[in-house]
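Trainee: This is a predicted model, with the sequence first.
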Amino acid sequence: MTAIPGVVFSGSVDGHLRGYSTTDGRVIFDFDSVGRFKTVNEVQARGGSFDGPGPAIAGGMMFVSSGYARAGGQPGNVLLAFSVDGK
């Protein structure tokens, strides 16, 4: 898990990265990472389960890897990058 003011981010074995409000615990962000992604270097990438360290957050960006086949998880090989402005 990773926390910033107002939100705790946690990945799940089902492939969802969710952000929970620190005020009331409701889900305020939900991203399904399972599937194929177009990458900046045009290498085929696929998201899967989250099972490891939480996202890294710095400079208005959030980075998280997706794809863990351990303990029944879904395999994958993608590093996802999210920005505040969606670019």
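Mentor: Yep, it's here.

Trainee: where does this protein have low pLDDT?
Mentor: Scanning the chain with the threshold set as pLDDT under 70 gives 87.

Trainee: what sits up against stretch 26-36?
Mentor: 7, 9, 14-21, 44-48, 50, 66, 74, 76, 78, 80, 82 (Cβ atoms under 8 Å, 6 or more residues apart in numbering). All C-beta spots, glycine's among them, are computed from the backbone N, C-alpha and C.

Trainee: mind checking how far that stretch is from the chain centre?
Mentor: Counting by Cα atoms, centre = their mean, to the nearest Å, stretch 26-36 is centred 7 Å from the centre of its parent chain.

Trainee: now swap in stretch 71-83 and tell me
Mentor: With Cα atoms, centre = their mean, you get 7 Å for stretch 71-83.

Trainee: quick revisit: next step: the contacts of stretch 26-36 restricted to strands.
Mentor: Within the contacts of stretch 26-36, residues falling in strands by DSSP state E are 7, 9, 16-21, 45-47, 66, 78, 80, 82.

Trainee: Filter these down to the buried ones, ChimeraX style.
Mentor: To isolate the buried ones among the ones in strands among the contacts of stretch 26-36 in ChimeraX, judged by 16 or more other Cβ atoms under 10 Å, type:
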select :7,9,16,17,18,19,20,45,46,47,66,78,80,82
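
Trainee: what's the closest of the ones in strands among the contacts of stretch 26-36 to residue 59?
Mentor: Minimum distance to residue 59 across the ones in strands among the contacts of stretch 26-36 is 12.0 Å, recorded for residue 82 (Cβ to Cβ).

Trainee: contacting residues for the most centrally placed residue in the chain?
Mentor: Residue closest to the average C-alpha location in the chain (Cα atoms, centre = their mean): residue 17, at 4.4 Å. Counting by Cβ under 8 Å, 6+ apart, residue 17 makes contact with 9, 10, 11, 29, 30, 31, 33, 50, 55, 64, 66, 80.
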